[in-house]
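1. Have a look at this prediction, sequence included:
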Amino acid sequence: MLNQDNQFSILQVLEQSPNYSQRDLAGKLGMSLGKANYCLKGLIDKGLVKVENFKNSRNKIQYAYLLTPQGMSEKSKLTLHFLQRKTEEYERLKIEIEQLKRQIG
């Protein structure tokens, strides 16, 4: 199953670098090539990303992974959710740090 963190990360990278290969994407996000392939296929199946072929300078076919309008909208929602979650984590950590500081005096 494609989780929200993977969706967010991939959409974020592809928005900036649509010409990344699956190998580039996997390396950038620290995931296996198989996982990158699986995640991209899921995003394509959901209609969030479309694939376009083009010829690169070395006479090979290369792909561009482009966010669809639906993909841009979903990325915005995921960004908001990510920010809310990270803000909550930050607030919990601040409280924990303050408690630890009081313990050591």
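-> That came in fine, so what should we check first?
2. any chance you could map the helices in the protein?
-> 4-16, 22-29, 33-45, 69-104 (DSSP state H).
3. Show me which residues of the last one are buried.
-> Residues of helix 69-104 classed as buried under the neighbour-count rule (16 or more other Cβ atoms under 10 Å) are 71, 74, 75, 78. Just so you know, the C-beta spots here come from the backbone N, C-alpha and C atoms, and that holds for glycine as well.
4. For the second one, which residues are in contact?
-> Contacts here follow Cβ atoms under 8 Å, 6 or more residues apart in numbering; on that basis residue 74 touches 7, 11, 46, 48.
5. Output the below-cut-off pLDDT ranges for this protein.
-> 1, 55-61 (pLDDT under 70).
6. pretty sure residue 26 contacts residue 38?
-> No - look at residue 26 against residue 38 with Cβ atoms under 8 Å: they stay out of range, at 10.6 Å.
7. rewinding a little: how about the helices of the chain in CSV, adding distance to residue 52?
-> Formatted as CSV, these follow (distance: least, Cβ to Cβ, whole Å):
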stretch, distance to residue 52
helix 4-16, 12
helix 22-29, 15
helix 33-45, 12
helix 69-104, 13
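8. Of all those, which one comes closest to residue 62?
-> When these are compared by Cβ to Cβ, helix 22-29 sits nearest residue 62, at 10.9 Å.
9. where does that closest one sit relative to the chain's centre, distance-wise?
-> 11 Å (Cα atoms, centre = their mean, to the nearest Å).
10. just to revisit the earlier point, how about the helices of the chain, which one is nearest residue 63?
-> Per Cβ to Cβ, nearest to residue 63 of the helices of the chain: helix 22-29, 8.3 Å.
11. just to revisit the earlier point, among the contacts of residue 74, who's most crowded?
-> Among the contacts of residue 74, residue 48 has the most neighbours (other Cβ atoms under 10 Å), with 24 neighbours.
12. now that residue, nearest residue through space, not along the chain?
-> residue 71 (3.6 Å; Cβ to Cβ, 6 or more residues apart in numbering).
13. quick one, what contacts that neighbour?
-> 11, 43, 47, 48, 49.
14. what do you get if the cut-off is 7 Å, keeping everything else the same?
-> The contact partners of residue 71, by Cβ atoms under 7 Å, 6 or more residues apart in numbering, come to 11, 48, 49.
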